[in-house]
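J.: have a look; sequence and predicted model below, questions after that.
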Amino acid sequence: MEREAVLVGIDVGTSKICALIGEVSRDGSLTIVGKGVVPASGLRKAVVVNIDQTVRSIAGSVDHAERLSGYQIDRAFVGVGGQNVESQNSRGAVAVSGHTREVTREDVERALEVARAVTIPSNREVLHVLPRGFIVDGQEGVKDPLGMSAIRLEIETHIVTASATAVRNLAKCVQAANVKIDELVANSLASAETVLSDTERDLGVALADIGAGTIDLALFMDGSPYKTAVLPVGGNNVTNDVAIGLKTSLQVAEELKIQHGSCDLSTVADDEVISVSQLGEAAGRTVHRVDVCRIIEARMRETFEMLAAEMRASGDGVLPAGLVLTGGAAQLAGAAALGREVLNMPVRVAGPVGIGGLTDNIMNPAYSTAIGLLYWGARGLESSEYGPLPPAPMGGLLGKFRDAARNLFPLPPEGPRR
Ligand SMILES: Nc1ncnc2c1ncn2[C@@H]1O[C@H](COP(=O)(O)OP(=O)(O)OP(=O)(O)O)[C@@H](O)[C@H]1O
Ligand SMILES: [Mg+2]
């Protein structure tokens, strides 16, 4: 296997920080050669609220990954989450230049510039300007207009933004941990790289990465995202409810949830009893499992209803491929069944598959974002046959161009990307 590049992804989550070093080979396969996972402190609902603590956590995860791999981490793709992540769609149109009237890369870049010139408030940072498709002389649905004869070129883009201060604080923490930023990537778009197939994206699909404090959501149609958002709920809310409902500590509630929880009440017998003292509480106490699960089910039902409302609000897009759940909290037993019931669409739970190397403990849905960051980076390499693209300075114009350019050109024929 020929090694193509070594990439680093850092997922700065509410519950854990995960740094992964991956070798990407020419055929697109990924081998993890370094990993560091440390409990996060300093974040609230995926937003940095304490710089020192976050820097320490990031530095800890980077240090672990470096020791394991023997590499020194210089730069990384970094995930961005938090409710401040939002999106909008924008079009840009230009007259095709040049006497041949054939669409060139320069025309596409000008159209992109027009699309991204939409008024974005100065307190927002643009994370992505992703081309969704082109309209060439009124003809919709063009994926690659290069070389087409045309007079007018129109581009449809998906623009993802985040709070400038939240992004600045995150970047500050990463840089203080001695890591430069290759690119800031919305968590949901990173996770999508790990768990969605190209067919699902083409058909129309929703991805929800349910973490500890937030849900990273992305909706896809015709191969591209048309909505990116973050909901401020996650597995922590479920644990809190269990702790309050059963008057126990967060630690015990978390254990109850993970070991005995389910949101599919049809699978829970009425008379099943759990000894809480085995989980570290004072001796003798027991709870009915069905009581635990009722609390969990109620919160998860509400969560799926929030997702449904968010999906409805994003237009009439039908999503034939349904909803794909990932993130640590998607592992809750019965989550897919409840999701199908509430949303009335296909729902599956997915995590990383088909990766080589140091995959112990990371082949589960909690690591979709971290692994997806490596795939995202690898996708950038694939487009480099169209000429070297400049490295992306954080938040700079080139960053967005590189981002745009990467997604502009069709990938090589669909191969085993993962
Ligand atoms: N087996 C399991 N069953 C149910 N829930 C689980 C399980 N394992 C982990 N979780 C939950 O997953 C959540 C952590 O998920 P994850 O690691 O994806 O979050 P994060 O990325 O740190 O947070 P965020 O994305 O919100 O910033 C916790 O709430 C935890 O209780
Ligand atoms: Mg997460």
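T.: Ah, there it is. Ligands and ions are numbered 1, 2, ... in the order given.
J.: could you use CA atoms for every contact and neighbour count after this?
T.: Fine.
J.: quick check, N240 in contact with A253.
T.: Yes - the criterion here is CA atoms under 8 Å, and N240 meets it with A253 at 7.4 Å.
J.: which one's more surrounded, the two?
T.: Set N240 next to A253 and count neighbours by other CA atoms under 10 Å: A253 wins out with 25 against 18.
J.: what does the stretch 1-150 of the chain put close to ligand 1?
T.: Neighbours of ligand 1 within the stretch 1-150 of the chain, by CA under 6 Å from any ligand atom: 13-16, 45-46.
J.: highest neighbour count among those?
T.: For these, neighbours tallied by other CA under 10 Å; top is G13, 29 neighbours.
J.: quick one: contacts for it?
T.: 40, 43, 46, 81, 211-212 (CA atoms under 8 Å, 6 or more residues apart in numbering).
J.: check what pLDDT it gets.
T.: G13 is assigned a predicted lDDT (pLDDT) of 98.
J.: please report phi then psi for it.
T.: Backbone torsions of G13, given as degrees, to the nearest 10, read phi -100, psi 170.
J.: what do you get for the one 5 residues further on?
T.: Dihedral angles phi and psi of C18 (degrees, to the nearest 10) take the values phi -130, psi 120.
J.: that one is in contact with D63, isn't it?
T.: No - using CA under 8 Å, C18 is not in contact with D63; the gap is 10.9 Å.
J.: so of the contacts of G13, which ones are in helices?
T.: With helices taken from DSSP state H, there is no overlap with these.
J.: who has more neighbours out of C18 and D63?
T.: Neighbours per residue (other CA under 10 Å) separate C18 from D63, with C18 holding more: 29 against 19.
J.: which pLDDT value belongs to that one?
T.: C18 is assigned a pLDDT of 98 by the prediction.
J.: one more: D27?
T.: Here, the pLDDT recorded for D27 equals 86.
J.: same question, the one 4 residues further on
T.: Reported pLDDT at T31 in the predicted model: 97.
J.: might one say that I58 is in contact with L20?
T.: No - using CA under 8 Å, I58 is not in contact with L20, being 11.6 Å away.
J.: off-centre distance for stretch 38-52?
T.: The chain centroid and the centroid of stretch 38-52 are separated by 18 Å, computed with CA atoms, centre = their mean, to the nearest Å.
J.: oh, I was asking about stretch 366-385
T.: The answer for stretch 366-385 is 11 Å, by CA atoms, centre = their mean.
J.: what helices or strands is the helix or strand where F304 lies leaning on?
T.: Element membership for F304 (DSSP states H and E) is helix 289-313. Counting contacts by 3 or more CA pairs under 8 Å, 6 or more residues apart in numbering; DSSP states H and E, helix 289-313 packs against helix 235-245, helix 250-260, helix 335-343.
J.: that older thread, so which of the residues of the stretch 1-150 of the chain next to ligand 1 belong to strands?
T.: Using DSSP state E, the subset of these located in strands is K16.
J.: all set now, cheers.
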